[in-house]
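Asks: build me a model:
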Amino acid sequence: MFKQYSQQIDKTVTIEFEGTPLTVPATITVAAAVIGPAGQKHTRLSPVNGKKRAPYCFMGVCHECLMEIDGIPDQQACIIEVKEGMKIRRQTSLPGDVE
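Replies: Residues are numbered from 1 along each chain as shown. Sure thing, here's the model as predicted:
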């Protein structure tokens, strides 16, 4: 579905996606890592109807890519670059909801 634009993937980082360690190129965003190397088709579940949602715009406008990154919810995964040791989880709540 998505192809790596840069052929320069020598440098990698290890992130954790829902408890599973993944080695991904160091230059990609969290959303790209989840959709690409992790092979997932969605990044979150709609808090309204529970349906699977995925990044749409990949430029920080639509907010369809909201994920919990390092324990902080409501992070726009499409504009945050991966970093060594990141812990990433899907999000099921609306921004600002208290669980």
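Asks: looking at residue 31 now. What's its pLDDT?
Replies: Residue 31 carries a pLDDT value of 92.
Asks: residue 25 too?
Replies: Looking at residue 25, its pLDDT stands at 91.
Asks: quickly list what it is bridged to.
Replies: Beta bridges link residue 25 to residue 12, judged by DSSP bridges.
Asks: and what of residue 21?
Replies: residue 16.
Asks: any idea how far it lies from residue 44?
Replies: For residue 21, the distance to residue 44 (C-beta to C-beta, to the nearest Å) stands at 21 Å. To be clear about C-beta, it is placed using only N, CA and C from the backbone, and glycine gets the same treatment.
Asks: looking at these two, which one has more neighbours?
Replies: Using other C-beta atoms under 10 Å, the more surrounded residue of residue 21 and residue 44 is residue 44, with 23 against 9.
Asks: OK, contacts around that one?
Replies: The neighbourhood of residue 44, defined by C-beta atoms under 8 Å, 6 or more residues apart in numbering, consists of 52, 53, 64, 65, 66, 67, 90, 91, 92.
Asks: what about the third one, how many residues close to it?
Replies: Meaning residue 64. Neighbours of residue 64 (other C-beta under 10 Å): 19.
Asks: which pLDDT value belongs to it?
Replies: Confidence at residue 64, expressed as pLDDT, is 85.
Asks: surely it is within a strand?
Replies: No. Residue 64 sits outside any strand when classified using DSSP: H, G, I helix; E, B strand; the rest coil, being coil.
Asks: so is the closest residue to it other than its chain neighbours in a helix, a strand, or just coil?
Replies: Using C-beta to C-beta, 6 or more residues apart in numbering and skipping the chain neighbours, the partner closest in space to residue 64 is residue 56 (4.5 Å). Of the three states, residue 56 takes coil according to three-state DSSP.
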